[in-house]
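*Asks:* Give me a 3D structure for the following:
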Amino acid sequence: MSHSRPTRSVGIDPLKIALGVFVVLGVVLTAVAGYALLDSFGALSALPPELAMTVVFGAALLLTGAAARRAVPKRH
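*Replies:* Numbers count the residues shown, from 1 in each chain. The predicted model follows:
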């Protein structure tokens, strides 16, 4: 006599996960390159690099959370 409930398996597609990771990585690297380019022209001399990286990684975290929320099905 089994007391465990049958669980519904949610398929995780490794290809979609890898694609998402590379997209986020590309966005972050583009932002870092943009910061480096603007900094080389002296346009961002008032913004410290630590603050800029915090903003970049914070934005990446928010975008990743929003994408995960859309991708994961809601539980009822």
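
*Asks:* longest helix anywhere in this structure?
*Replies:* Criterion DSSP state H: the longest helix present in the chain is helix 14-40.

*Asks:* Mind giving me the packing neighbours of the helix or strand just after it?
*Replies:* Later in the chain than helix 14-40, the nearest helix or strand by DSSP states H and E is helix 49-71. Under the contact criterion of 3 or more CB pairs under 8 Å, 6 or more residues apart in numbering; DSSP states H and E, helix 49-71 touches helix 14-40. From N, CA and C alone the C-beta is placed, and that goes for glycine too.

*Asks:* The helix it packs on packs against which elements?
*Replies:* Against helix 14-40 (3+ CB pairs under 8 Å, 6+ apart) you get helix 49-71.

*Asks:* returning to that earlier point: buried ones in the longest helix of the chain, by neighbour count?
*Replies:* V28, A31, Y35 (16 or more other CB atoms under 10 Å).

*Asks:* Isn't the second one up against A59?
*Replies:* Yes. With the criterion set as CB atoms under 8 Å, A31 and A59 qualify as a contacting pair; they are 7.5 Å apart.

*Asks:* picking up where we left off before, take the buried residues of helix 14-40 and lay them out in JSON lines including distance to F41.
*Replies:* As requested, these are exported to JSON lines (distance: CB to CB, whole Å):
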{"residue": "V28", "distance to F41": "21"}
{"residue": "A31", "distance to F41": "16"}
{"residue": "Y35", "distance to F41": "11"}
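
*Asks:* Out of those, which comes closest to R69?
*Replies:* V28 (19.2 Å; CB to CB).

*Asks:* If you drop the residues flanking it in sequence, what lies closest to that closest one?
*Replies:* Closest residue to V28 apart from its sequence neighbours, by CB to CB, 6 or more residues apart in numbering: A60 at 5.1 Å.

*Asks:* which residue sits closest to the most centrally placed residue in the chain, ignoring its sequence neighbours?
*Replies:* Of all residues in the chain, the one closest to the mean position by CA atoms, centre = their mean is T64, 3.2 Å from it. Excluding the flanking residues, the one nearest T64 by CB to CB, 6+ apart is V24, at 5.7 Å.
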